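>>> give me a model of this one.
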Amino acid sequence: MLPDLHAHFAQLEDRRADLARHLARYTPRQLGAAPAPGAWSLLGVVEHLVLVDRAVLRAIKRQADRPPLAHRWHHRVLAGVIARALESRVRLPVAGRSLQPRGGASLEGLLAEWDAVRADWRAYLDGITDRPAGELVFRHPLGVPMTAGETLHFLRQHFDHHLHQIARIERSGVLAEPVREGGATAAR
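Numbering: from 1, shown residues only. Just a heads-up that it's a prediction; the model follows:
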């Protein structure tokens, strides 16, 4: 894997590992509790992150069989808008029903699924050589074409955006029952 891509991917993996450790403190009931009707639970956020990782990689693989993407002047503006929106703590619409959490999965199941998706990502990134590193491989739903490095940066911004959502869920009071600390139950 190219060093730049490795750095982006390692940051994503570190964040994912930190999130898994953080969420392991909660009971299955807490993980599935939503702060309001129609709102996502902690598990819903994790499922969404898994779905986005998978969907982006699928889109990249589909793009490989299509004509090359091109940058236009307005793409830089749109990329800035996307970045600012993800940096904000504003709730954003999901770019399609397929990225909405369906529920019913356990944290362990979602993390195993995420491991598999990330293994596919690693295999894809390992195949990128110096020549195509600057190639535009993914088109964001708002139309912005991105290189593999820019796509990984977008995924990191997307992940960080949802960390704010996780913090909102934690502050909502819906997780009021005790959390597990080292296998024992303790009050927060």
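
>>> what helix or strand is the spatially most central residue of the chain located in?
The C-alpha lying nearest the average C-alpha coordinate of the chain belongs to residue 49 (C-alpha atoms, centre = their mean; 3.6 Å). Using DSSP states H and E, residue 49 sits in helix 42-63.

>>> rewinding a little: ok, the residue nearest to the centre of the chain touching residue 111?
No. Residue 49 is not in contact with residue 111 according to C-beta atoms under 8 Å; the separation is 10.6 Å. (Each C-beta comes from the backbone N, C-alpha and C, glycine too.)

>>> now for the protein, the helix or strand with the poorest mean pLDDT.
None of the helices or strands of the chain scores lower by mean pLDDT, DSSP states H and E than strand 184-186, at a mean of 39.

>>> picking up where we left off before, residue contacts, the residue nearest to the centre of the chain?
By C-beta atoms under 8 Å, 6 or more residues apart in numbering, residue 49 lies in contact with 114, 158, 159, 162.

>>> nearest to residue 21, out of those: which one, please.
The shortest approach to residue 21 among these belongs to residue 114, at 13.7 Å (C-beta to C-beta).

>>> quick one: pLDDT of the closest one?
At residue 114, the pLDDT value in this model is 98.

>>> right, and residue 168 touches residue 35 too?
Yes. In this structure residue 168 lies within contact range of residue 35 using C-beta under 8 Å: 7.4 Å.
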